[in-house]
Structures are given as C-alpha cells and as structure tokens.
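> would you be able to build a 3D model of this:
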Amino acid sequence: MARPLATTFNCPTEFALTVLGGKWKTIILAYLSERPCHYSELRQLLPGLSDKVLTDRLKDLQQSGLVARETGAISQSRSPYVFTARGTL
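Below is the predicted model of the structure:
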C-alpha cells in the first residue's frame, strides 16, 4: 500500500531513499527509462513479481510523481507508464 510522502526532506538523499525504497521500484524505473511500457509489458519483463506488488509499486511511483500514465490513449487501461518531468531529473 502506498505510504504518504513527507512534505519536507532534509536532503535529496533522504527523498531518494524514501521514494525508491523497496526491491522492485528501481528495476521498474530502469525498464521505463528505456521506453514507455504498458502494464502487461512490465509483467512479462518481471516474471518474479506478483500482480499485487507490481500494482502497488506503480501506484507508489505515481504518487511520488516519478511515473504517470500517458494521456491521450484510446483506453485508460491501455495507457503506457512513462516518466514524468520530475522522474527524469
């Protein structure tokens, strides 16, 4: 379950460790850095990851502002996950 982020951080490292904490977030971000990916593509790329954990990690990354669903797709369920401006810094 996504935890709310603190409103202030003492340094950038504290923010990074809070946002990227967990086993799978950095791996998901590595794949998304190569190209936007649909949920089903991420499932294929990460066979050791359960649906629930992938869903939770994507929600965490969206809540932290690093990842978003691409807008303009015909169906929200077929919208790929992409980096946001905050995620590319």
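> can you check the pLDDT for the most centrally placed residue in the chain?
By CA atoms, centre = their mean, the chain has its centre lying nearest to residue 61, at 3.5 Å. You'll see residue 61 listed with a pLDDT of 92.
> for the closest residue to it other than its chain neighbours, give me its contacts.
Distances taken as CB to CB, 6 or more residues apart in numbering place residue 67 nearest to residue 61, at 4.0 Å, with adjacent residues excluded. C-beta here means a position set from N, CA and C on the backbone, and glycine is covered the same way. By CB atoms under 8 Å, 6 or more residues apart in numbering, the residues touching residue 67 are 28-29, 32, 58, 61, 81-84, 87.
> what does residue 40 give?
Taking CB under 8 Å, 6+ apart as the test, residue 40 contacts no residue whatsoever.
> could I get the buried residue list for the longest helix anywhere in the chain?
Ranked by number of residues, the top helix in the chain under DSSP state H is helix 51-63. The neighbour-count check on helix 51-63 (16 or more other CB atoms under 10 Å) flags 54, 57-58, 60-61 as buried.
> and those as CSV, adding distance to residue 40?
Putting those into CSV (distance: CB to CB, whole Å) gives the following:
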residue, distance to residue 40
54, 10
57, 15
58, 12
60, 19
61, 17
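> nearest to residue 24 among the residues you listed?
residue 57 (5.0 Å; CB to CB).
> name the nearest residue to the closest one, sequence neighbours excluded.
What sits nearest to residue 57 in space, not counting adjacent residues and going by CB to CB, 6+ apart, is residue 24, at 5.0 Å.
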